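K.L.:
3D model of this:
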Amino acid sequence: MIILPKTLYEEILNHCLNSLPIEACGLLGGVIEDEKRIVKKVYLLTNVDQSPEHFSMDPLEQFAAVKDMRKNGWVLLGNFHSHPTSPSRPSEEDKRLAFDRDLSYLILSLMDEKNPVLKSFRIYESYVEEEEIQII
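P.N.:
Got it, this is the predicted structure:
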């Protein structure tokens, strides 16, 4: 289970809406307690691909985010990205690029901007499992 405070969910949502029509992306830093992954901060990163169909995170921003996580005693819990015109499920590219089975992969669908859908997945090799996400 991943726990996301509502204020951080709203940061993700606003970042994704403001990035339209391209995919938005970012990292999630936090702690793991009793198998619960608690997000403490979201890092809103630049999609250097500037594409509506895929993303690559800015490497310098990634480095700064991980450095900040370490400074605060947090770990990298996962990442997020938006799907501007498709459902919140991993694409074949998402599965292929999911290198770390310990991370959560959050996808926010904006197919219906008034009803965004955020889902979290654990991905290893070609196996995909939806992870419970709790917004508090």
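K.L.:
so what's residue 54 up against?
P.N.:
23, 93 (Cβ atoms under 8 Å, 6 or more residues apart in numbering). In this view, the C-beta of every residue, glycine as well, is placed from N, C-alpha and C.
K.L.:
what does residue 50 give?
P.N.:
residue 22.
K.L.:
tell me which element it falls in.
P.N.:
Remark: residue 50 resides in no helix or strand, with elements defined by DSSP states H and E.
K.L.:
what pLDDT does it get?
P.N.:
Listed pLDDT for residue 50 reads 96.
K.L.:
give me phi/psi at it?
P.N.:
Dihedral angles phi and psi of residue 50 (degrees, to the nearest 10) take the values phi 50, psi 50.
K.L.:
residue 41 now?
P.N.:
phi -160, psi 140.
K.L.:
please name the nearest non-neighbouring residue to it.
P.N.:
Leaving aside its chain neighbours, residue 41 sits nearest to residue 29 (4.8 Å; criterion: Cβ to Cβ, 6 or more residues apart in numbering).
K.L.:
ok, now residue 134?
P.N.:
Counting by Cβ to Cβ, 6+ apart, the residue nearest residue 134 is residue 3, at 5.0 Å.
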